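In: Take this sequence and fold it.
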Amino acid sequence: MSRTRRAGIAAVFGYLQFGLALASGILVVPFVLAKVGGEAYGVWLGFGELVAYSAMADLGVLGVLPWLMAEADGRGDRDELRGLIAAGMAAAVLAAVVFAGLALGLLALAPGITGVSPAQHHAVIGPLMWLVAGMAAGYPVRVFHAALTGLQDVSFLGMMGIAQAALNVALMIGMLAAGQGLYALAAAATIPTLAVALASLARVARIAPDLLRGWRLPSRRMLGTLTGQGIGSWTAGLGWRMISATSNLVILATAGPAAAVAYSLTARLGDVLTQMSWQLPDAGLVGLAQLRGTGDRERVNAIVVSLFRLTLLGAGAVACSVLAFNPAFVALWVGADQFAGLGTNALLAGGVLALSLGHAVFVTASTLGARVQIGGASLAQGAVHLGAAIVLGRMFGVAGVAAAAIVSTAVVAYPAGVHWLARGTGMSHGELWRRALGPWFARASLLLLLGAATGIVGWRSSPMWLPLAAGPVLGALYLWWMRPLYEGLPLPERVRPVLMRLRLLTEQGGSGVPLP
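Out: Numbering: from 1, shown residues only. Reported below is the predicted structural model:
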């Protein structure tokens with residue numbers, strides 16, 4: 001199977017998993033609130049972010065292992081593959097112990113950090129212990145899932161991803177219906193992961209049994225390679241963790257469980273759609289890396305601009321959706337009392353744009369060689385985000401926490417990313433603005449205002465479903481209005497004919513490096 005075909009299969013399964021996560025979340029969350037209660041769920045969300053921080057204990061080993069496995073597999077070095085699995089297992093066992101210790105320590109400090117009552121703490125601590133135990137048990141066997149990723153067994157991994165998501169929903173609904181409360185959430189977060197990891201072990205035993213024999217104690221060199229390679233991605237991951245896993249904790253400490261739940265539910269649609277919108281441009285990064293090896297800087301710069309425009313097109317569509325439809329969506333989904341307000345919603349839409357812009361400069365600069373520097377910048381962005389969330393949250397409440405993403409991108413991510421991107425491409429900020437950001441902003445600003453107006457009118461009108469009914473019209477308008485930006489994009493081969501038939505693209509358009 002070719003690399004392009006494998007990448008295409010992985011992308012399809014990725015979109016299916018995002019779609020399943022979005023659909024299941026819409027269906028399950030109201031059931032969770034009804035069975036668990038908003039107060040307990042809010043404390044669970046906040047304390048869960050402390051567990052998420054503790055999960056960084058592997059120092060990026062499990063994240064970098066697939067890349068090292070892929071390199072060794074490309075060389076046909078079976079001894080190296082065995083050594084990587086053995087070293088990964090050793091590192092994962094140690095990480096499990098460190099994770100459990102960190103998680104238990106942070107959870108012991110959590111009541112003092114957040115100010116929750118003893119009764120609120122008692123309601124969540126048992127399920128959280130289950131969560132920690134299940135996650136710790138999963139560390140060693142997750143090595144085999146990472147190994148299959150490196151071996152590019154994409155069809156099996158894709159099917160396992162779908163099965164994991166389905167098992168998660170089934171467990172949660174079944175245990176909630178049986179009256180298990182938060183234990184249902186803990187079980188759903190751990191048992192499917194363990195099941196997929198064990199299935200991955202069985203798969204390795206079937207397709208590459210030689211990799212499970214002849215293990216030796218990992219050498220210092222091998223452990224040093226794993227941790228050294230992992231630290232860079234771990235640093236960037238920690239920065240992203242500070243961005244993605246702090247809001248509920250800060251809100252829990254400053255405004256209480258109910259506000260944390262309202263914020264989480266208001267942000268849910270934008271969070272999921274943003275991750276989906278990054279899938280397509282990120283799929284072009286491998287092609288960008290290969291093109292960089294040719295030394296053709298002009299062509300590299302053209303693809304960088306195209307990836308920027310593709311990211312911004314997706315982010316603009318998500319931001320318009322959040323502005324126009326999220327107020328009515330949240331109200332119809334879980335009730336108007338769980339909507340965090342129009343101001344907070346507008347800041348969340350701004351956060352979608354800011355984080356997408358920061359993501360674009362970071363991943364392109366990193367692909368062009370500035371991995372270590374971008375890792376440090378990601379960590380700095382996370383620190384600024386955390387500080388801004390605490391300060392602005394105390395000053396302005398939930399809206400202040402929502403503004404932290406915009407602040408951290410403006411202060412750190414964008415200037416640092418543009419600096420390192422210029423080092424790799426020679427493009428100045430002015431040239432990047434002229435070729436990518438400016439044309440997008442000139443067209444998107446009008447649609448963003450239209451989306452905001454639709455959301456305000458919809459929130460104040462009756463029935464609430466009217467803005468959702470306008471969705472196809474606004475979507476078609478976005479596609480048509482943004483059509484000049486499609487020219488030269490690195491679009492998938494199957495997408496181009498569709499856009500041509502719709503007269504959204506000329507025959508010369510979309511001629512960049514094809515995506516899988």
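In: Okay, strands next: where are they in the protein?
Out: Ranges of strands in the chain, per DSSP state E: none exist.
In: Show me where it dips below the pLDDT cut-off.
Out: Within the chain, the stretches with pLDDT under 70 are 1-15, 18, 232, 286-287, 289-295, 463-464, 490-493, 506-516.
In: Report the central residue of it.
Out: Gln275 (5.1 Å; Cα atoms, centre = their mean).
In: so how far is Ala436 from that one?
Out: Separation of Gln275 from Ala436 (Cβ to Cβ, to the nearest Å) stands at 21 Å. Any C-beta I mention is one placed from the backbone N, CA and C, and that applies to glycine too.
In: Same question for Trp465.
Out: 36 Å.
In: Neighbour count: these two, which is higher?
Out: Remark: of Trp465 and Ala436, Ala436 carries more neighbours, 22 against 14, as counted by other Cβ atoms under 10 Å.
In: Hmm, the more buried one is touching Asn301, no?
Out: No. With contact defined as Cβ atoms under 8 Å, Ala436 does not reach Asn301; the gap is 10.5 Å.
In: end-to-end on stretch 67-85?
Out: Taking Cα to Cα, to the nearest Å, the first and last residues of stretch 67-85 lie 12 Å apart.
In: Please apply the same query to stretch 236-250.
Out: End-to-end distance for stretch 236-250: 21 Å, by Cα to Cα.
In: what's that stretch in contact with?
Out: If you take Cβ atoms under 8 Å, 6 or more residues apart in numbering as the criterion, stretch 236-250 is touched by 42, 45-50, 52-53, 56, 60, 63, 113-114, 260, 263-264, 267, 355, 362, 366, 374-375, 377-383, 385-386, 389-390, 393, 401-402, 404-405, 408.
In: From those residues, keep the buried residues only.
Out: 42, 45-50, 52-53, 56, 60, 63, 114, 260, 263-264, 267, 355, 362, 366, 374-375, 377-382, 385-386, 389-390, 393, 401-402, 404-405, 408 (16 or more other Cβ atoms under 10 Å).
In: do you know how far the residue nearest to the centre of the chain is from Ser356?
Out: To Ser356, Gln275 is 10 Å away according to Cβ to Cβ.
In: and the residue lying closest to Met175 once chain neighbours are set aside, how far is that from Trp44?
Out: Leaving aside its sequence neighbours, Met175 sits nearest to Ala184 (Cβ to Cβ, 6 or more residues apart in numbering; 3.4 Å). Remark: distance between Ala184 and Trp44 (Cβ to Cβ) = 11 Å.
In: Among the contacts of stretch 236-250, which lie within helices?
Out: 42, 45-50, 52-53, 63, 113-114, 260, 263-264, 267, 355, 362, 366, 374-375, 377-383, 385-386, 389-390, 393, 401-402, 404-405, 408 (DSSP state H).
In: Ala340 and Gly397 touch, don't they?
Out: No. The pair Ala340 / Gly397 is not scored as a contact, 9.4 Å apart, by Cβ under 8 Å.
In: Find the residues that touch each one of these two.
Out: Joint contacts of Ala340 and Gly397 (Cβ under 8 Å, 6+ apart) are Ala259.
In: who's more crowded, these two?
Out: Remark: of Ala340 and Gly397, Ala340 carries more neighbours, 26 against 19, as counted by other Cβ under 10 Å.
In: With adjacent residues omitted, what lies nearest to the more buried one?
Out: Nearest to Ala340 is Thr266, by Cβ to Cβ, 6+ apart, at 4.0 Å.
In: Surely that neighbour is in contact with Gly335?
Out: No. With contact defined as Cβ under 8 Å, Thr266 does not reach Gly335; the gap is 11.8 Å.
In: Report how many residues lie close to the closest residue to Pro140 other than its chain neighbours.
Out: Closest residue in space to Pro140, ignoring its immediate chain neighbours: Ala92 at 4.7 Å, by Cβ to Cβ, 6+ apart. By other Cβ under 10 Å, the residues close to Ala92 number 22.
In: Would you confirm that Ala92 contacts Val61?
Out: Yes. Under the criterion of Cβ under 8 Å, Ala92 makes contact with Val61 at 6.9 Å.
In: measure Gly417 to Ala360 for me?
Out: 8 Å.
In: How about Arg78?
Out: Arg78 is 39 Å from Ala360, by Cβ to Cβ.
In: Which one of those two is surrounded by more residues?
Out: Ala360 (27 against 14).
In: For Ala91, see how far away the more buried one is.
Out: Taken as Cβ to Cβ, the span from Ala360 to Ala91 is 32 Å.
In: And Leu307, by the same measure?
Out: Counting by Cβ to Cβ, the gap from Leu307 to Ala91 is 33 Å.
In: Give me the more crowded residue out of the two.
Out: Taking other Cβ under 10 Å, Leu307 and Ala91 do not tie; Leu307 has more neighbours (28 against 25).
In: pretty sure the more buried one contacts Gly284?
Out: Yes. Leu307 lies in contact with Gly284 (Cβ under 8 Å); the separation is 5.6 Å.
In: which residues does the spatially closest residue to Ser277 that is not a sequence neighbour contact?
Out: Excluding the flanking residues, the one nearest Ser277 by Cβ to Cβ, 6+ apart is Gly314, at 3.1 Å. By Cβ under 8 Å, 6+ apart, Gly314 lies in contact with 276-278, 280-281, 356.
In: Helices - which of those residues land there?
Out: Applying DSSP H to the contacts of Gly314, the entries found in helices are 276-278, 280-281, 356.
In: Please, where are all the helices along the stretch 151-300 of the chain?
Out: Applying DSSP state H, counting those that start in this stretch to the stretch 151-300 of the chain gives helices spanning 154-177, 182-207, 220-244, 247-254, 257-282, 285-292, 297-334.
In: Nearest to Leu504, out of those helices?
Out: Closest to Leu504 of those is helix 297-334 (Cβ to Cβ; 11.6 Å).
In: what's the angle from that closest one to helix 257-282?
Out: Inter-element angle recorded for helix 297-334 and helix 257-282: 150 degrees (by axes from the mean of the first three to the mean of the last three Cα atoms, to 10 degrees).
In: in helix 297-334, what's buried?
Out: 300-331, 333-334.
In: And stretch 129-139, by the same measure?
Out: Under the neighbour-count criterion of 16+ other Cβ under 10 Å, stretch 129-139 has 130-132, 134-139 buried.
In: Widest-spaced pair of these?
Out: Maximum pairwise distance among those (Cβ to Cβ): 15.8 Å, between Trp130 and Tyr139.
In: Can you check the contacts of Gly314 and name whichever has the most neighbours?
Out: Counting by other Cβ under 10 Å, Pro281 has the largest number of neighbours within the contacts of Gly314, with 27 neighbours.
In: Quick one: residues contacting that one.
Out: Applying Cβ under 8 Å, 6+ apart, the residues near Pro281 are 307, 310-311, 314, 360.
In: now these in TSV, with distance to Met427?
Out: Compiled in TSV, those are given as follows (distance: Cβ to Cβ, whole Å):
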residue	distance to Met427
Leu307	13
Leu310	17
Thr311	16
Gly314	21
Ala360	13
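In: Leu20: which of the residues you listed is nearest?
Out: Checking the contacts of Pro281 against Leu20 with Cβ to Cβ, the nearest one is Gly314 at 19.5 Å.
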